[in-house]
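Novice: output the structure for:
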Amino acid sequence: MDNNKYHYSVEGVNYDVVIEEIEGNIARVNVNGKSFSVLMKEPVREMRRQKVAHIEPPKPAAASSKPEPVEPVKKEAVAAGSGNKVYAPLPGTITEIKVNVGDTIKAGDTVVVLEAMKMQNNIEADYSGKITSILVKQGDTVLEGSTLLTIE
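Specialist: Numbers count the residues shown, from 1 in each chain. Predicted structure coming up:
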């Protein structure tokens, strides 16, 4: 196995990661065929001394403080209706939702902003139409392939 190739599985989703280049604290990585620039918190020399990388799993929301864990089940039921789905192209955190249910949009319009690897990614609609459901909210953490909203 090449030293710069890694295979990860996060909650059942497989990721093939290749570190293409590191310059200072910026790494060019390829995740499942898509290239990203990643700002690293630690200098490279300190990271290379570590024998095992420590990866923090996503922290689940506290069930006792909020009734929100029930919401995704209700929202997924709404998604079962008609409409084209807009999916998260990579795992990350929803930082902004630029549309509302009932809005009419055109293909190419930015509908959601997703932060992944400290980069803001505009998620654009592949279809023109009316927003029929929004399945995420600002601050939600999503996996690659998660349905964000539907357009009819």
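Novice: list the buried residues in the lengthiest strand in the chain.
Specialist: Scanning the chain for the longest strand, with DSSP state E as the assignment, gives strand 13-23. Neighbour counts over strand 13-23 (16 or more other Cβ atoms under 10 Å) mark residue 22 as buried. (C-beta placed from N, C-alpha, C; glycine too.)
Novice: okay, and the helix or strand of this structure with the least pLDDT?
Specialist: Every helix and strand in the chain was compared by mean pLDDT, DSSP states H and E; the lowest is helix 71-79, with a mean of 39.
Novice: I'd like the next helix or strand past that one.
Specialist: Counting by DSSP states H and E, the next helix or strand C-terminal to helix 71-79 is strand 84-87.
Novice: that following strand pairs with which strands, and in what direction?
Specialist: Partner strands and pairing direction for strand 84-87 (DSSP bridges) are strand 147-151 (antiparallel).
Novice: export the strand it pairs with to PDB, keeping only CA atoms.
Specialist: This file holds the C-alpha atoms of strand 147-151, laid out as PDB (Å, rounded to 0.1, in the frame of the first residue of the first chain):
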ATOM      1  CA  THR A 147     -30.700  13.900   0.400                       C
ATOM      2  CA  LEU A 148     -30.700  17.600   1.000                       C
ATOM      3  CA  LEU A 149     -33.900  18.700  -0.700                       C
ATOM      4  CA  THR A 150     -36.300  17.900  -3.500                       C
ATOM      5  CA  ILE A 151     -37.300  19.800  -6.500                       C
END
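Novice: residues in contact with that strand: which ones?
Specialist: Contacts to strand 147-151, defined as Cβ atoms under 8 Å, 6 or more residues apart in numbering, come from residues 76, 79, 81-88, 94, 99, 105, 111-112, 123, 125, 127-136, 142.
Novice: for PyMOL, what selects the buried ones among these?
Specialist: The PyMOL selection below is limited to those of the contacts of strand 147-151 classed as buried (16+ other Cβ under 10 Å):
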select buried, resi 79+83+86+88+94+99+105+111+112+123+125+127+129+131+132+133+134+135+136+142
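Novice: that older thread, how far does the longest strand of the chain sit from the chain's center?
Specialist: 16 Å (Cα atoms, centre = their mean, to the nearest Å).
Novice: where does residue 128 land on pLDDT?
Specialist: What the model reports as pLDDT for residue 128 is 92.
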